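A.B. asks: need a 3D model of the sequence below.
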Amino acid sequence: MNESQPILRPIDPHAVRIPMRSGLLPCLYIPIAARNLNAIETYVGRICSQLARNSPNRAVLVEAHQPENPDVRLPIWDLPEAAILHAPRQVWVHVDFDAYRPAYMRAFPDFPLTDLVLDHILNRRVARLKGFEYLRIVPITRGANSSHGALSEDWTVEYHSSPAMEAKNRASPALVQYADLADITKMLNRKGGGSVMDEVNEAQRLVRLPDEPG
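C.D. replies: Residues are numbered from 1 along each chain as shown. Purely as a prediction, here's the structure:
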């Protein structure tokens, strides 16, 4: 294949349960975690540069494969913030790497990070329990970051720490994890949380086809 031709991103068939459970169409299958670098290059895109000085493969810039064409009937694609979901250039970091802010600034030196935080879309403790070595990071506001925080993540860590889930995660053939609706809400820089995840429920409207029942 000519290198100038875009590679259509394949979908990991073993990883689709999470987005399907959120009612997401394939155009919203967004990789947020990967087992290793090979998984990134297969299901995310080409690793084009190293971002961590003197620390090979701790932070990488990825040129993403061409995603599924967006279903323009979904309201989410009308949002300017949705451009980040399938960003053509993405920063991925090792789960144990901490210096991701300077790494991100090397990738995007002109991006204004002053009032933003960089966050792993998937919690690092959860990623370790599930066997994912690499995570995508995105810039979001502190309010969006804190509202998706501790309580649900603590519950998820406890859930995946059980012997049954440890065995299930070890046996899983999935090489990536795709975002669920809560993850997408976070990437859109919208607040989540609340007793019934009000903002996430509102986000359902964004990913529902017009003829689907409310």
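A.B. asks: tell me, how many residues neighbour residue 16?
C.D. replies: 15 (other CB atoms under 10 Å). For every residue, glycine as well, the C-beta is placed using N, CA and C.
A.B. asks: secondary structure element for the closest residue to residue 111 other than its chain neighbours?
C.D. replies: Of all residues not flanking residue 111 in the chain, residue 139 sits nearest, at 7.1 Å (CB to CB, 6 or more residues apart in numbering). If you go by DSSP states H and E, residue 139 is part of strand 134-141.
A.B. asks: contacting residues for the residue nearest the centre of the chain?
C.D. replies: For the chain, the residue nearest the mean C-alpha position is residue 32 (2.6 Å; CA atoms, centre = their mean). Contacts for residue 32 (CB atoms under 8 Å, 6 or more residues apart in numbering) come out as 121-122, 135-136, 176-179, 183.
A.B. asks: packing partners for the strand holding residue 139?
C.D. replies: strand 31-34, helix 37-43, strand 89-94, helix 100-107, strand 116-120, helix 181-187 (3 or more CB pairs under 8 Å, 6 or more residues apart in numbering; DSSP states H and E).
A.B. asks: who touches it?
C.D. replies: 31-37, 39-40, 44, 84, 90-95, 100, 104, 111, 113, 115-122, 124, 127, 186-187, 189.
A.B. asks: sorry, back to before: pick the most buried one from the helices and strands packed on strand 134-141.
C.D. replies: Per residue and on average, the most neighbours among those fall to strand 31-34, with a mean of 28 (mean count of other CB atoms under 10 Å).
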